[in-house]
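Participant: Predicted coordinates and the sequence they were generated for:
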Amino acid sequence: APRGPAPALYESHPAPRVAWLLLLPVLALVLVAPPALGSHSALRTGTALQRPPAFAPLPPGEPVRLNLSDYAARAVYDHGRSLDGRRVRVTGFVALAPDGTPYLVRMTLNCCAADAQPVKIALTGRVPPVLEPDGWLDVTGTYTPRRTEDPVNGAPVPYLKVARARPAPAPRDPYDATWNN
């Protein structure tokens, strides 16, 4: 005689509520963007300046607003020809090298923040006497043929002769996505 229903091969047990806590780190990564990389990362990573295929003419007006990587590429690979005689305006965050050299930096993206690399411009001229690492500056200045080498990877780092530098708010998107367009 049958003794009752056959036991189920797979019994359904509700998952413990603690299991939902495992999803919290994943949600935090998806919903909260990590902070932008700053001067600490920039000084430990070599500049990632890339040669563009061509240089478009600069727009009219003074000063000309350029992104930092555009100024750096024109200064290095165009030898400043397209910048000669023009005042430019660039924005970036401050990084101070161990030897005291002030850099204006933007982290560039090829794909995403995980592959962000710095592009650096060394500052000369009327550089503010007190600079705060990771503070953002809006700098107006002119091209100078002076260059240095990045101590991390030996890549060329151009200078910008500062005429005016003012603190600036951090941009909503602190990364320069010029090269992934």
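Facilitator: Perfect, I can see it now.

Participant: Relative to residue 92, how far out is the closest residue to residue 86 other than its chain neighbours?
Facilitator: Excluding the flanking residues, the one nearest residue 86 by Cβ to Cβ, 6 or more residues apart in numbering is residue 64, at 5.6 Å. Heads up, the C-betas are built off the backbone N, CA and C, glycines and all. For residue 64, the distance to residue 92 (Cβ to Cβ, to the nearest Å) stands at 16 Å.

Participant: between these two, which one's more packed in?
Facilitator: Higher neighbour count among residue 64 and residue 92: residue 92, with 29 against 18, using other Cβ atoms under 10 Å.

Participant: Shouldn't that one be within a strand?
Facilitator: Yes: assessed with DSSP: H, G, I helix; E, B strand; the rest coil, residue 92 lies in a strand.

Participant: so it sits right up against residue 123, yeah?
Facilitator: No: using Cβ atoms under 8 Å, residue 92 is not in contact with residue 123, being 9.8 Å away.

Participant: so where do the helices sit in this structure?
Facilitator: For the chain, the helices defined by DSSP state H cover 23-31, 39-44, 68-77.

Participant: Who are the packing partners of the second one?
Facilitator: It stands for helix 39-44. Counting contacts by 3 or more Cβ pairs under 8 Å, 6 or more residues apart in numbering; DSSP states H and E, helix 39-44 packs against strand 87-96, strand 102-108, strand 117-125.

Participant: what's the offset of that helix from the middle of its chain?
Facilitator: Relative to the mean C-alpha coordinate of its chain, helix 39-44 is positioned 10 Å out (Cα atoms, centre = their mean, to the nearest Å).

Participant: Also stretch 67-80?
Facilitator: Computed by Cα atoms, centre = their mean, the chain-centroid distance of stretch 67-80 equals 16 Å.

Participant: got the buried residues for that stretch?
Facilitator: 67, 68, 69, 70, 71, 72, 73, 74, 75, 76, 78, 80 (16 or more other Cβ atoms under 10 Å).

Participant: low-scoring stretches of the protein, by residue?
Facilitator: Applying pLDDT under 70 to the chain flags the ranges 1-37, 110-114, 177-181.

Participant: Show me the residue sitting in the middle of it in space.
Facilitator: The geometric centre of the chain, computed from its C-alpha atoms, lies nearest to residue 107 (Cα atoms, centre = their mean), at 1.3 Å.
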